[in-house]
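> sequence-free structure coming up:
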């Protein structure tokens, strides 16, 4: 019975993560989606507020560098687990949205 519940948990996790990835992909690459809106806002930020955009870019670079250094050094973190939990929550959101409104 425990093996069945473990398999069921893995299946539910997989379905929720796949639904989340599909939903994010759909909303990102559709016409007038998040990608086109994001590029417009990023280009406007660099034109209208260059110092803030530069500071955000530098902060992103150093955050990424620190994350990679921790990954290379082998310290154990729960970041991936939290990422999967967030994807599961997004999957629940998309399933609920589809159930209630009938659209993805």
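Thanks, I have the structure now. Model, not experiment: these values are computed from the prediction. Residues are numbered from 1 along each chain as shown.

> how near is the residue nearest the centre of the chain to residue 13?
When CA atoms, centre = their mean is applied to the chain, the residue found nearest the centroid is residue 87 (6.6 Å). Counting by CB to CB, to the nearest Å, the gap from residue 87 to residue 13 is 9 Å. All C-beta spots, glycine's among them, are computed from the backbone N, C-alpha and C.

> contact partners for residue 51?
By CB atoms under 8 Å, 6 or more residues apart in numbering, the contact list for residue 51 is empty.

> how about the contacts made by the residue nearest to the centre of the chain?
With CB under 8 Å, 6+ apart, residue 87 has these contacts: 16-17, 20-21.

> next SSE downstream of the worst-scoring helix or strand of the chain on mean pLDDT?
None of the helices or strands of the chain scores lower by mean pLDDT, DSSP states H and E than helix 34-48, at a mean of 68. Downstream of helix 34-48, the next assigned helix or strand under DSSP states H and E is helix 50-73.

> for that following helix, the distance to its chain's centre please.
Distance of helix 50-73 from its chain centroid, counting by CA atoms, centre = their mean, to the nearest Å, is 18 Å.

> immediately after it, which helix or strand?
As assigned by DSSP H and E, the chain's next helix or strand after helix 50-73 is helix 79-101.

> residue 61: how many residues sit nearby?
Other residues lying near residue 61 total 10 when counted by other CB atoms under 10 Å.

> kindly state the pLDDT recorded for it?
Predicted confidence (pLDDT) for residue 61: 82.

> same check on residue 92?
With respect to pLDDT, residue 92 scores 94.

> so who does it touch?
So residue 92 contacts residue 16 (CB under 8 Å, 6+ apart).

> now residue 18: which helix or strand?
When elements are assigned from DSSP H and E, residue 18 belongs to helix 2-29.
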